[in-house]
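> how would this look folded up:
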Amino acid sequence: MRSVRLHDPLDIRFEQVDPAPAPGKGEVRIKVAFAGICGSDIHNYKTGQWISRRPSVAGHEFSGTVDAVGEGIDRLSVGDKVVADSRHYCTNCVNCQTGNNHLCSQLGFVGESIDGGFADFTTLPERLVFACDPSMKLDIATLAEPLAVALHALDRVRIEMHDPLLVVGCGPIGALVAVVSDILHQRPLLICDRDRFRVETVAAASAGQAVDLAAFDQFQSLPGNTVRHVIDTTGNVEVIQKLEATLTGATLGLVGIGQGTFPFDPVGAVERELTLVGCHAFKDQLLRAVQLLEQHSDRFRPLIEHRISLEDTPAEYARISVGKASGIKTLIDLSSSAKSGAN
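Okay, here's the model as predicted:
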């Protein structure tokens, strides 16, 4: 079958490989329809930080249909439309036993610790597969995993219903945070990104107001409202340092994956009562994400701006890794009719 496998940093290849195995007890095989390229995929490609097996079929954001089920499966049936949970957790550690499997002591991710969705078929544990409504469009369904990440970030930052929010970065997670925040709460929303096209796209989809981060003032940038909640999706240490050094009486949620460190002034954080909140993957938000996509697919569709073939995925990785991404979200179309670079 066709696949895209990560071998080493900066070494990702389109390859023909053996078919995905028939599902064993408690497993499900999925015929993949669409897969998304995530910022963490690019981070792993550039740094190799999470390479735990070589090679591995990449991809942890994907949708498809159930192709076969193993022994003991009664929750899913052949032909069901499904999405995948990206978290490969042990189920046995203290965090897993207390409902915090996103903090599993042995946590890996689909596409890293086990083969993922950049292939015609993939076989997963049943616990990582969730059914969608039969009417669900599978391209939209592919957004379920990153939308769960966005929902988790909003839950972690704990914003009151109508309090304003600044979203820093209009990549996929930032865009999804903005759109779902508007759907759920219609709160005052500021957004910023160096890419003007992304800002305009997210502003149109979320009713957010663009702001220049260099000129941002939490007390002045949104007349009549003080911005006390910020979510950074860039992972850029210079951006995070600026926010950490200037916010007062605020909560700063960190979602982006980046590189580097910066000096931290704990006394300043105390005096300004700054709350830093790490937001890792998601907890129990995946089903909520699926439901929101089913109910508001028209609100999310503008975020899918670029579609490629599986064969073109390595070249797309190279483009994204040097800052030449097209649109907000790139989807890999695994159907036989996929066209290179089609939009």
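> What distance do you get for K25 to L292?
33 Å (CB to CB, to the nearest Å). (C-beta placed from N, C-alpha, C; glycine too.)
> Which one's more surrounded, these two?
L292 (24 against 9; other CB atoms under 10 Å).
> need the next SSE after the helix or strand hosting that one, C-terminal direction.
Per DSSP states H and E: L292 is located in helix 286-295. Using DSSP H and E, the helix or strand that follows helix 286-295 in sequence is helix 297-300.
> That next one packs against which elements?
helix 172-185 (3 or more CB pairs under 8 Å, 6 or more residues apart in numbering; DSSP states H and E).
> Where do the strands of the stretch 151-300 of the chain begin and end?
For the stretch 151-300 of the chain, the strands defined by DSSP state E, counting those that start in this stretch cover 165-168, 189-192, 209-210, 229-232, 251-254, 275-278.
> Show the contacting residues for the residue positioned nearest the centre of the chain.
In the chain, the residue lying closest to the centroid (CA atoms, centre = their mean) is P146, at 2.8 Å. Listed by CB atoms under 8 Å, 6 or more residues apart in numbering, the contact set of P146 reads 36, 38, 61, 172-173, 176, 329.
> can you check S321 too?
By CB under 8 Å, 6+ apart, S321 lies in contact with 42, 45-46.
> sorry, back to before: could you tell me the per-residue confidence at the residue nearest to the centre of the chain?
pLDDT, P146: 97.
> Could you verify that it is part of a helix?
Yes. Assessed with DSSP: H, G, I helix; E, B strand; the rest coil, P146 lies in a helix.
> Find the nearest non-adjacent residue to it, please.
Spatial nearest neighbour of P146, chain neighbours left out: P172 (5.3 Å); criterion: CB to CB, 6 or more residues apart in numbering.
> Now do the contacts for that neighbour.
36, 38-39, 146, 303, 328-329.
> With R2 instead?
14-16, 119-120, 310-311, 334.
> Need the buried ones from those residues selected in ChimeraX.
Of the contacts of R2, the buried ones can be selected in ChimeraX as follows, counting by 16 or more other CB atoms under 10 Å:
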select :14,119,120,310,334
